[in-house]
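Q: Generate coordinates for the sequence data below:
(one chain, ligands or ions: 1)
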Amino acid sequence: MKTVLGIALALLLAASLPAEAAQAKTGAITVTQAWARATSTANTVGIAFITLSNAGTEVETLTAAASPVAAKVEFHRHVHADGMMKMQPQQTVDVAAGKRVEFNPGGLHLMLVDLKQQLKPGQTFPLTLTFAKAGSVTVDVTVEGAGAAAPAAPAAPAAMDHSMHDAHMADPAYKAMHEEHMKDPAHKAMHDQMHAN
Ligand SMILES: [Cu+2]
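A: Numbering: from 1, shown residues only. The predicted structure is shown next:
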């Protein structure tokens, strides 16, 4: 009985602790700050972020990602060029020797395509990353609020994203591109989600 109570208490304590981004290691690579934005039942895509640190002396390449919560996981980058914003798929992501690569809203992100379940704040889900040299590693991704700009951090970057967005919308060329982009339901869902707050 004591043991059962002890376990129950331990579980309660674990559940009530602030969401701490999990960490995982494979070869020279450490994965930290793994988080995703909460989704609504209407969302078919989700968006997740990680930070990769390469302690090695050679470049490492992230070649694939997968998660049981989505049919596939893609690497995308938001590119702002000539007053246009594009979401560019990337086949791989390089991490230079001794460097780190931070995925973040408005930059590099992991797109969870064809979500199989709703992502609710406080939940975690596994994400498996495959590297060219270091092999595969699975990290627990923590789901943060729908409008979260960073894992349990102030929301300043989201506000910045918004003003940037408004500035872009004032540009007719960008507006036309944006409307074209919005015809794709998956991208519209992602966009709505990114500007959820
Ligand atoms: Cu994307």
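
Q: list the contacts for the single nearest residue of the chain relative to the ion?
A: The ion sits closest to His76 of the chain, with a gap of 3.3 Å, by C-beta to the ion. Every residue, glycine included, has its C-beta placed from N, CA and C. For His76, the contacting residues are 87-90, 108-111, by C-beta atoms under 8 Å, 6 or more residues apart in numbering.

Q: can you list the residues of the protein near the ion?
A: When proximity is defined as C-beta under 5 Å from the ion, the chain approaches the ion at 76, 87, 111.

Q: tell me the least confident of the residues you listed?
A: pLDDT is lowest at Met87 among those; the value there is 81.

Q: Which SSE is immediately downstream of the top strand by length along the chain?
A: Ranked by residue count, the top strand of the chain under DSSP state E comes out as strand 70-81. Downstream of strand 70-81, the first helix or strand assigned by DSSP states H and E is strand 84-90.

Q: Could you list every helix and strand in contact with that next one?
A: strand 70-81, helix 156-169, helix 172-181 (3 or more C-beta pairs under 8 Å, 6 or more residues apart in numbering; DSSP states H and E).

Q: Specify the beta-bridge partners of Arg77.
A: Taking DSSP bridges as the rule, Arg77 bridges to Gln88, Leu108.

Q: State the distance from it to Gly107.
A: With distances taken as C-beta to C-beta, to the nearest Å, Arg77 is found 7 Å from Gly107.

Q: Run a quick neighbour tally on Thr30.
A: Neighbours of Thr30 under the rule other C-beta atoms under 10 Å: 17.

Q: ok but it is inside a strand, no?
A: Yes: per DSSP: H, G, I helix; E, B strand; the rest coil, Thr30 lies within a strand segment.

Q: Surely it touches Ser53?
A: Yes: if you go by C-beta atoms under 8 Å, Thr30 and Ser53 touch, sitting 4.6 Å apart.

Q: how about stretch 118-130: buried residues?
A: Within stretch 118-130, the residues scored as buried using 16 or more other C-beta atoms under 10 Å are 119, 123-125, 127, 129.

Q: avg pLDDT for that stretch?
A: On average, stretch 118-130 scores 97.

Q: can you tell me which residues contact Ala71?
A: By C-beta under 8 Å, 6+ apart, the neighbours of Ala71 are 113-114, 116.

Q: Drop anything exposed from the residues you listed.
A: So, by 16+ other C-beta under 10 Å, the buried ones in these are Val113.

Q: returning to that earlier point: least confident of the helices and strands packed on strand 84-90, on average?
A: Minimum mean pLDDT among the helices and strands packed on strand 84-90: helix 156-169, a mean of 46.

Q: Low-confidence regions, the protein specifically.
A: Scanning the chain for pLDDT under 70 picks out 1-21, 152-197.

Q: So which residues of it form helices?
A: Shown for the chain, the helices assigned by DSSP state H span residues 2-16, 156-169, 172-181, 185-194.

Q: Nothing else from me, thank you.
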